[in-house]
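Undergrad: below are the sequence and a predicted model for it; my questions follow.
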Protein chains: 2
Amino acid sequence: MCGERAQLEIDATEGKARAGRVTLPRGSYETPIFMPVGTHATVKALTVEDLESINAEVILSNAYHLHLRPGEDLVQELGGLQRFMGWPRLILTDSGGYQVFSLRQLMRIDDEGVTFRSHINGSKHTLSPERAMGVQAALGSDIAMAFDQCPPSDASKADVQAAMERTTRWAERCVRQPRPDHQVRFGIVQGGLHLDLRRRHIEALAGMPFDGYALGGLSVGDTPEQMTEVLDAVASEMPAHRPRYLMGVGRPQDLLRAISAGIDMFDCVMPTRHARNGQLFTSQGRIVISNARHRDEKGPIDEQCHCTTCQRYSRAYLRHLYVAKEILYSRLATYHNVHFFVDLVRQARQAIRAGELETFTRSWLSRLDAADEARRSR
Amino acid sequence: MCGERAQLEIDATEGKARAGRVTLPRGSYETPIFMPVGTHATVKALTVEDLESINAEVILSNAYHLHLRPGEDLVQELGGLQRFMGWPRLILTDSGGYQVFSLRQLMRIDDEGVTFRSHINGSKHTLSPERAMGVQAALGSDIAMAFDQCPPSDASKADVQAAMERTTRWAERCVRQPRPDHQVRFGIVQGGLHLDLRRRHIEALAGMPFDGYALGGLSVGDTPEQMTEVLDAVASEMPAHRPRYLMGVGRPQDLLRAISAGIDMFDCVMPTRHARNGQLFTSQGRIVISNARHRDEKGPIDEQCHCTTCQRYSRAYLRHLYVAKEILYSRLATYHNVHFFVDLVRQARQAIRAGELETFTRSWLSRLDAADEARRSR
């Protein structure tokens, strides 16, 4: 693979799971990896110092949002996204495909591209494969995602197939666009819950000069069981010498199952969004901090957690801050949740290297499933 | 002063200004000092690590707010306010007098005390000298404030005098209340803009066993000139061997003028509140971060500032975060503003020790007044 922009070295496997290192022009990261989401060029409530101390190695930002505000030209003028936000490590940008479709501001879509209204002020915008790659080139991210059509979760198979085929045609245009020397490009596999379509799409994209491949269109209304079925069937059929990225997923259980299926990279808003909504992740399942039982709880969110929030603050104090709607709550809670996700995936990586992933995963799943069960029965 | 709970050592003076150190049972702090405000047991958006790195030595919290939520009994059960919020340094608590009157939820006031409605849920509460000191004893703050009546800024002289006389009667009851071994008590001087009343009240309170004295009822609708007149006349008439504290003031100019008048301690919500509203303090005056001229500004808030926000983030990035309503904005902006206030007062302290306060103050005032002038003329 010498001379290629992205190099993946696998140093351990267990079943379909793999652990390794991806080296890009501006830096490297170990896989499996969880990438915190920083939609507007900020992981909500966290500084870059926080992210460094959590050992986040890659963060995700959104071309769609940054195109609308502050605009990719301004970011480029200020030295690129890394410099703009003061983040010295790697950045992956989503192309905007998912946002355009999920924010339901869509006005027109055809082979040329997509016309939509800004969710901020209603102004009209267009995105196309050329434009989406151009925005990401201007932002100067390390990993740019191809521009894809993400069909709604209730789409017919014919519609899913049509979106997949359009995504293929768009992918061919994406890989022809210019890009900065330091940027690599990942293709996005669509095909919904249809294994035959997924396989056809993997095959179609595998022949194009992408540096990595993502699974899109999952966790968009499907059940965990449906997603697991797709992952178990097709994750390991994605090109083995390229990083495999599962977009927008998900719960701790989902991450562990996907790692076992052969996925290397993850992003999800769950740790940040749930933190702000009062839901905190622990090794014994999720807790709801507003719950009255935490009112006088002197202990931390999670006795087993080493994050600074758990080292210094009690559940009682966090509950007080949450109830009083204090900003510090969002900050301490987000720090904990992001630490939890990054660290869970790091532990899974270590487990693969130690040949203990199966045991590790079984132990976590039994605890998390029991916690879910207990919550449902309350 | 051996054997007293609060010891003030003055090590330098310049004119009426003084620099020194106050030693309390659980710690000491240098004066003049600016104390950041942490109303709900949190300085909004900042962690205790942030406050330590800013070199804040004392923070202020509010007995009124903590009484309503989460309640002083819970805080006491959890080990006191210091432990509850994870702050290892000193805490001053306001007694609730100012809040009860300023939040205008007042139902009844007589010599016994005050009945008011909670601003949170309308529930009925009472505060009296005994109850206010009891709340602060339970919170376990290092400095407890006496319970005072703070008249509105448009009160007649007769009303101001009546409130002052009631505050004296309440002060006598405050000093008779039990308190934790580590807690000291400050009296509050009222009297509005009437120098004769201020002097009478200083004399009345000076005879009581308070460990320090505060000026209350300023910056409540009066002009800076009116406040300066009161300060210049009476600050230096407060007991010289006790810390002198000017409550709730104010702009950088006000702090500098008050230090020259002989004040040792300050608190104010201005740095935290203005930060969240987009106003940032600099050595060249205040800036409004939403202003379009900061859109592509690569430089920091203040070239001369050593805070981490200014070391790492541009005005352009802060403006983007502010416009996008990102939590990180509040955090970075608050850090800068609190650093600015704490550091300005620290610099004034050094200037007193170097015998350069007059030069220091003149230089600052000319810059800040010029900036105010430029802002008004735009």
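TA: That came through, no problem. Residues are numbered from 1 along each chain as shown, chains lettered A, B, ... in the order given.
Undergrad: export whichever helix or strand residue A:83 is part of as CSV, just CAs?
TA: Using DSSP states H and E, residue A:83 sits within helix A:81-85. Output of helix A:81-85 as CSV, limited to C-alpha atoms (Å, rounded to 0.1, in the frame of the first residue of the first chain):
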residue,chain,number,x,y,z
LEU,A,81,-11.0,23.7,10.1
GLN,A,82,-8.2,22.3,12.3
ARG,A,83,-6.8,25.7,12.9
PHE,A,84,-10.2,27.5,13.1
MET,A,85,-11.2,25.3,16.0
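Undergrad: got the domain ranges for chain A?
TA: A:7-268, A:278-377 (automatic domain parsing).
Undergrad: distance to residue B:70 and mean neighbour count added to those, as a markdown table?
TA: Just so you know, the C-beta spots here come from the backbone N, C-alpha and C atoms, and that holds for glycine as well. Converted to a markdown table, the domains of chain A look like this (distance: least, CB to CB, whole Å; neighbours: other CB atoms under 10 Å in any protein chain shown):
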| stretch | distance to residue B:70 | mean neighbour count |
| --- | --- | --- |
| domain A:7-268 | 22 | 20 |
| domain A:278-377 | 5 | 18 |
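Undergrad: let me know which of those domains is the nearest to residue B:183.
TA: domain A:278-377 (21.3 Å; CB to CB).
Undergrad: quick check: end-to-end length of that closest one?
TA: Taking CA to CA, to the nearest Å, the first and last residues of domain A:278-377 lie 20 Å apart.
Undergrad: that older thread, nearest to residue B:228, of the domains of chain A?
TA: Evaluated over the domains of chain A, closeness to residue B:228 peaks at domain A:278-377, with 33.9 Å, by CB to CB.
Undergrad: hmm, the closest one touching chain B?
TA: Yes - with CB under 8 Å from any CB of the partner chain as the criterion, chain B is reached by domain A:278-377 at A:295-296, A:298, A:308, A:312-314, A:316-317, A:320-321, A:323-324, A:326-328, A:330-332.
Undergrad: right, and residue A:81 touches residue A:67 too?
TA: No - Residue A:81 is beyond contact range of residue A:67, at 11.9 Å (criterion: CB atoms under 8 Å).
Undergrad: need the domains of chain A in JSON lines (columns: mean pLDDT and distance to residue B:131).
TA: Listed next are the domains of chain A as JSON lines, based on pLDDT from 0 to 100; distance: least, CB to CB, whole Å:
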{"stretch": "domain A:7-268", "mean pLDDT": "96", "distance to residue B:131": "37"}
{"stretch": "domain A:278-377", "mean pLDDT": "96", "distance to residue B:131": "21"}
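Undergrad: let's have those in JSON lines, adding distance to residue B:9.
TA: What follows is those, written out as JSON lines (distance: least, CB to CB, whole Å):
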{"stretch": "domain A:7-268", "distance to residue B:9": "37"}
{"stretch": "domain A:278-377", "distance to residue B:9": "32"}
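Undergrad: could I have the helix or strand harbouring residue A:66 exported to PDB, CA atoms only?
TA: Following DSSP H and E, one finds residue A:66 within helix A:63-68. These are the backbone C-alpha positions of helix A:63-68, laid out as PDB (Å, rounded to 0.1, in the frame of the first residue of the first chain):
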ATOM      1  CA  ALA A  63     -19.900  20.100   5.800                       C
ATOM      2  CA  TYR A  64     -23.600  20.900   5.600                       C
ATOM      3  CA  HIS A  65     -23.600  22.900   8.800                       C
ATOM      4  CA  LEU A  66     -20.300  24.600   8.200                       C
ATOM      5  CA  HIS A  67     -21.300  25.500   4.600                       C
ATOM      6  CA  LEU A  68     -24.300  27.300   6.000                       C
END
